[in-house]
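# Build the 3D model from these lines:
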Amino acid sequence: MLKQFKNYNFILGSNSPRRKEILKDIGLNFSVFPSNIEENFNKNIKLENIGAFLAEKKANAIKNELKENDLLITADTTVIHNNELLSKPENTLQAKEMLNKLSGKSHKVITGVCLLSKNKKSSFSCETIVTFNDLDQIEIEFYINKFKPFDKAGSYGIQEWIGLIGIKKIEGLYTNVVGLPASMLYTELKKFI
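The predicted model follows:
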């Protein structure tokens, strides 16, 4: 790992197992300090900016806890289809509706990331276009029943079964769809430090 990274205590402001795994795979040693904020926002905000807005909101909720040499990483991933935000489904019916909307079509996945230290802040977003094959009802129901994607925007995890059998193509970073754009994050961390 880069020498200059060793001077920082990295903190992930999320309990997401997928984000933890990506940071670990990048090679960062980090602690976890989730910000348990309400993920609400002004309805006038542009859909493409919601992820960055929520990432900053999560960072701001923790900023007073930061010590010298702490570097906080927060993120929020949004799924947008036909100018509609597809949040985390509240139940099986909503999950089915979302996956039916995504079936056979393309949508945007945008992850907003905020980097915050005691005296510096930087935010960025990454966009990936994901195109699904046509999914039939048996596939959708099997996926929802087995994988219970209720903690995932758009009702799916690309790293799960539905991603293996249902994704026709992706344009952009795969890790962005998982929840953290790894190569972009690494580049931005080098700039930040």
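# all helices for the protein, in order.
Under the criterion DSSP state H, helices of the chain are mapped to 17-26, 50-62, 92-102, 137-147, 161-166, 174-178, 182-192.
# Please compute how far the fifth one lies from its chain's middle.
The reference is to helix 161-166. Helix 161-166 sits 18 Å away from the centroid of its parent chain (C-alpha atoms, centre = their mean, to the nearest Å).
# for it, packing partners?
helix 137-147 (3 or more C-beta pairs under 8 Å, 6 or more residues apart in numbering; DSSP states H and E). C-beta coordinates here come from the backbone N, C-alpha and C atoms, glycine included.
# now the helix it packs on and helix 92-102, what's the angle there?
130 degrees (axes from the mean of the first three to the mean of the last three C-alpha atoms, to 10 degrees).
# got a list of what residue 92 touches?
Listed by C-beta atoms under 8 Å, 6 or more residues apart in numbering, the contact partners of residue 92 are residue 144.
# And it, how far from residue 191?
43 Å (C-beta to C-beta, to the nearest Å).
# With residue 89 instead?
36 Å.
# And these two? Which one has more around it.
residue 89 (23 against 9; other C-beta atoms under 10 Å).
# which ones are touching that one?
Taking C-beta under 8 Å, 6+ apart, one finds 95, 97-98, 149-150, 155 in contact with residue 89.
# Make CSV out of those and add neighbour count.
Formatted as CSV, the contacts of residue 89 follow (neighbours: other C-beta atoms under 10 Å):
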residue, neighbour count
95, 25
97, 15
98, 26
149, 20
150, 14
155, 27
